[in-house]
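Novice: Provided below are the primary sequence and the corresponding predicted coordinates.
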Amino acid sequence: MSVHDTIRTIRELNQWTQEDMAEKLNISVNGYSKIERGKSKLTLEKLEQIANILNINVSDLYSAKEKGFFCLFSENSQNNSNIYANTDAIIFENEKLSLIIQHKDEIIKRQEDEISTLREMIKLQQNK
């Protein structure tokens, strides 16, 4: 994912329009649109300004270009939390969690079978 794609993705995750970002950056909407399309060369100063608005580090914009990128914004009464991770790590974690869930389901099934057997044994004992 390129820097301009990352900027657009994070803006969209924040549910901000291009107009919102242009206003925050104190530039025209057309100027901001060029940034998202990759038609504008970004200075380090402008990248720092964008990263500050998006509440991320400038390096996060570049690391997202080289690796898979995932971003989650969660709003509560006081904070925005940002989570960034390599998508390979997320895929691995999802597979691991799926196996844990599958194992849990097997254990539950086994325990339900044992409970059923114990109930039958109780019935047999009560009928004697």
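Specialist: Arrived safely. Numbers count the residues shown, from 1 in each chain.
Novice: Do me a favour and average the pLDDT over the top helix by length along the chain.
Specialist: The longest helix of the chain (DSSP state H) is helix 87-127. In this model, helix 87-127 has a mean pLDDT of 89.
Novice: Return the distance of that helix from the chain's centre.
Specialist: Taking Cα atoms, centre = their mean, to the nearest Å, the mean C-alpha location of helix 87-127 is offset from the chain mean by 29 Å.
Novice: Please apply the same query to stretch 10-19.
Specialist: 15 Å.
Novice: Need the distance between the two termini of it.
Specialist: End-to-end span of stretch 10-19 (Cα to Cα, to the nearest Å): 15 Å.
Novice: buried ones in it?
Specialist: Buried residues in stretch 10-19, counting neighbours by 16 or more other Cβ atoms under 10 Å, are found at 10-11, 14, 18. (Each C-beta comes from the backbone N, C-alpha and C, glycine too.)
Novice: do stretch 17-33 as well
Specialist: Buried, per 16+ other Cβ under 10 Å, within stretch 17-33: 18, 21-22, 24, 27, 32-33.
Novice: Inside helices: which ones of those?
Specialist: Filtering the buried residues of stretch 17-33 for helices - DSSP H - leaves 18, 21-22, 24, 32-33.
Novice: With pLDDT and distance to E120 added, can I get these in a markdown table?
Specialist: Shown next, in a markdown table, are those (pLDDT from 0 to 100; distance: Cβ to Cβ, whole Å):
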| residue | pLDDT | distance to E120 |
| --- | --- | --- |
| Q18 | 96 | 67 |
| M21 | 95 | 67 |
| A22 | 95 | 71 |
| K24 | 95 | 68 |
| Y32 | 95 | 71 |
| S33 | 95 | 71 |
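Novice: about what we covered before: helices or strands up against the longest helix of the chain?
Specialist: The helices and strands touching helix 87-127, judged by 3 or more Cβ pairs under 8 Å, 6 or more residues apart in numbering; DSSP states H and E, number zero.
Novice: again, 10 Å this time
Specialist: For helix 87-127, the elements it packs on are strand 70-75, judged by 3 or more Cβ pairs under 10 Å, 6 or more residues apart in numbering; DSSP states H and E.
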